[in-house]
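Colleague: give me coordinates for this.
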Amino acid sequence: MVLQLLSVSFEDTSLGMNGTRTEDGHMLSVMFDHLASESQADDTDAVAQVRRAEGVVRCNGSGWVSVQLRGATAVVGDHGYAYAVGWANGRRLRAAGDVPGEPFATAVTAPVGADGALRLSLLLLAQRDLAVAASAAACWVDSIDIAVAPGTRARHGA
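Modeller: Alright, predicted model coming up:
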C-alpha cells in the first residue's frame, strides 16, 4: 500500500493553522499565523516564554516521511535566546537562526507509526536579556512541510 498523508490537526486552535495537501497525498503543508513565543522588554520574569503545539498527521499506510520546519528568530541583547525544538514520532528537530532575524529551516525523517499517525510536538522558547532594559527575543514557526520519503514511494510502486 502506498503511504498517503490524509489530514493534520493541532490541539491548540488559536495557532491560525491552514493546511493543504497534494491530490495524491504525498505532500502536506501546514502554515501558521500565530505559532510564536515572545519575550518583550516589559517581561520581568526570569522564566523563558514558552509556546507548545501538539499535532497529529493521520496517514494511510506505513513508511517514512520527511518533516521540514521553517521559521525565524530575533534576539536583541547578548544573553537572550530563541529556539524551536520539536519531535516527529520521537525524532528530534532543533532550530535556531544562525543569524537572529533571518529564517531557519530544519528537517528530520521519521517513521509513521503502526497506528497510521505521525505525532508532532513543538516547543518554542524565547528569553530576552534581563540585564538589558530594551532587549527582546522571539521565535516563530511559519510552516511545516511533510512529504512521503521517496524510498517509501518506490518500495510500494508509486
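Colleague: please report how far the closest residue to residue 79 other than its chain neighbours lies from residue 44.
Modeller: Take residue 79 and drop its neighbours on the chain: the residue closest to it by Cβ to Cβ, 6 or more residues apart in numbering is residue 129, 4.3 Å away. For glycine as for every other residue, the C-beta is placed from the backbone atoms N, C-alpha and C. In this structure, residue 129 and residue 44 are 13 Å apart, going by Cβ to Cβ, to the nearest Å.
Colleague: same deal with residue 36?
Modeller: Residue 36 sits 20 Å away from residue 44, taking Cβ to Cβ as the criterion.
Colleague: run a quick check on the residue nearest to residue 79 versus residue 48, I expect a contact.
Modeller: No - using Cβ atoms under 8 Å, residue 129 is not in contact with residue 48; the gap is 12.0 Å.
Colleague: any stretches of the protein with poor pLDDT?
Modeller: 1, 96-100, 151-158 (pLDDT under 70).
Colleague: quick one, strands of it?
Modeller: Secondary structure of the chain (DSSP state E): strands located at 4-10, 17-21, 27-32, 36-39, 49-60, 64-76, 81-88, 91-95, 103-111, 117-127, 136-148.
Colleague: as a markdown table, those strands with mean neighbour count would be great.
Modeller: Output for the strands of the chain, formatted as a markdown table (neighbours: other Cβ atoms under 10 Å):
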| stretch | mean neighbour count |
| --- | --- |
| strand 4-10 | 17 |
| strand 17-21 | 15 |
| strand 27-32 | 19 |
| strand 36-39 | 22 |
| strand 49-60 | 18 |
| strand 64-76 | 20 |
| strand 81-88 | 22 |
| strand 91-95 | 16 |
| strand 103-111 | 16 |
| strand 117-127 | 20 |
| strand 136-148 | 23 |
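Colleague: check contacts around residue 51.
Modeller: By Cβ atoms under 8 Å, 6 or more residues apart in numbering, the residues touching residue 51 are 35-37, 122-124.
Colleague: could you measure from the residue nearest to the spatial centre of the chain over to residue 123?
Modeller: For the chain, the residue sitting closest to the mean C-alpha position, by Cα atoms, centre = their mean, is residue 69 at 4.6 Å. Distance, residue 69 to residue 123, by Cβ to Cβ: 12 Å.
Colleague: now do the shared contacts for these two.
Modeller: Joint contacts of residue 69 and residue 123 (Cβ under 8 Å, 6+ apart) are 84, 86.
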